[in-house]
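A.B. asks: no sequence for this one, just the structure:
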């Protein structure tokens, strides 16, 4: 009887211990799997961090190259602007030198005759620079005289206006009128351009009072001087 009770006790103890062992084994297995997953995730995280660091390095490199390119472009633009400014200055100096040379040459020549194209003789109208037919006829007569007595000549063309409008406008208008005469001499009569000098006096040199209509009409004129 005692032996039976002992066997039953041992069996009961075994039954109670077996679940506990199984539970510990399951826990160890689960913990191992979790540790393995954690390790894998940690490795992936490190790889991701490494890729991020590499990408950041490339971004910094690209930003640096872009900054250098922008700086180079800015320097190139500045150089181009400087070159353009220098070219414009050189052109202005050349024009100024040509004008001075023309003035010196004209000053050393003798006036042969002059022709005046003004509105009181049916020529330039108020605010206009176009060459009227009457003005063309007067120029044709002047050129005919030059051909009748051929010699080396220099033509100086002065543009004048009345005092209606501001000074800047009148200076531009006087120059436009003088240029119209120059173009006609060159295109119609083949007078060489280097033999023609134009200048605008605007409203600076009136020949009649600007207070009257007739006076203003006389002041709106182009004077053609033939020098030898």
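C.D. replies: It's in. Note that this is a predicted model, so its numbers are computed, not measured. Numbers count the residues shown, from 1 in each chain.

A.B. asks: what ranges do the helices span in this structure?
C.D. replies: 2-107, 133-148, 167-189, 213-219 (DSSP state H).

A.B. asks: in the last one, what's buried?
C.D. replies: Pointing back at helix 213-219 there. Neighbour counts using 16 or more other Cβ atoms under 10 Å place 215-219 of helix 213-219 among the buried residues. In this view, the C-beta of every residue, glycine as well, is placed from N, C-alpha and C.

A.B. asks: quick one: contacts of that helix?
C.D. replies: 118-120, 126, 160-164, 203, 206-210 (Cβ atoms under 8 Å, 6 or more residues apart in numbering).

A.B. asks: of those - the most surrounded one?
C.D. replies: Within the contacts of helix 213-219, neighbour counts (other Cβ atoms under 10 Å) peak at residue 161, which reaches 31 neighbours.

A.B. asks: domain ranges for the chain?
C.D. replies: 1-96, 109-227 (automatic domain parsing).

A.B. asks: check the ones you listed for me: which has the lowest mean pLDDT.
C.D. replies: Note on the domains of the chain: lowest mean pLDDT is at domain 1-96, with a mean of 62.

A.B. asks: tell me the contacts of the closest residue to residue 175 other than its chain neighbours?
C.D. replies: The shortest distance from residue 175 to any residue other than its chain neighbours is 3.7 Å, reached at residue 200 (Cβ to Cβ, 6 or more residues apart in numbering). Residues near residue 200 by Cβ under 8 Å, 6+ apart: 158-160, 171-175, 177-178.

A.B. asks: how deep is residue 136 tucked in, by neighbour count?
C.D. replies: 16.

A.B. asks: what's near enough to touch it?
C.D. replies: Contacts of residue 136 by Cβ under 8 Å, 6+ apart are 184, 188.

A.B. asks: wait, residue 202 sits on residue 161?
C.D. replies: Yes. Residue 202 is within contact range of residue 161, at 5.4 Å (criterion: Cβ atoms under 8 Å).

A.B. asks: what sits in contact with each of the two?
C.D. replies: 170, 173-174.

A.B. asks: closest one of these to residue 44?
C.D. replies: Distance to residue 44 across those (Cβ to Cβ) is lowest for residue 173, with 82.9 Å.

A.B. asks: and the gap between the closest one and residue 156?
C.D. replies: As for residue 173, its distance to residue 156 is 19 Å (criterion: Cβ to Cβ, to the nearest Å).

A.B. asks: next one: residue 136
C.D. replies: 19 Å.

A.B. asks: what's the neighbour count on residue 56?
C.D. replies: 10.

A.B. asks: do the same with residue 50
C.D. replies: That count, for residue 50 with other Cβ under 10 Å as the rule, works out to 10.

A.B. asks: contacts only, for it.
C.D. replies: Contacts of residue 50 (Cβ under 8 Å, 6+ apart): none.

A.B. asks: also residue 60?
C.D. replies: Residue 60 neighbours (Cβ under 8 Å, 6+ apart): none.

A.B. asks: how about residue 112, nearest residue that isn't a chain neighbour?
C.D. replies: Closest to residue 112 by Cβ to Cβ, 6+ apart is residue 226, at 4.6 Å.

A.B. asks: so that neighbour sits against residue 113, correct?
C.D. replies: Yes. Between residue 226 and residue 113 there is a contact under Cβ under 8 Å: 5.6 Å.

A.B. asks: when those two are compared, which one has more neighbours?
C.D. replies: Neighbours per residue, other Cβ under 10 Å: of residue 226 and residue 113, the larger number sits with residue 226, 20 against 12.
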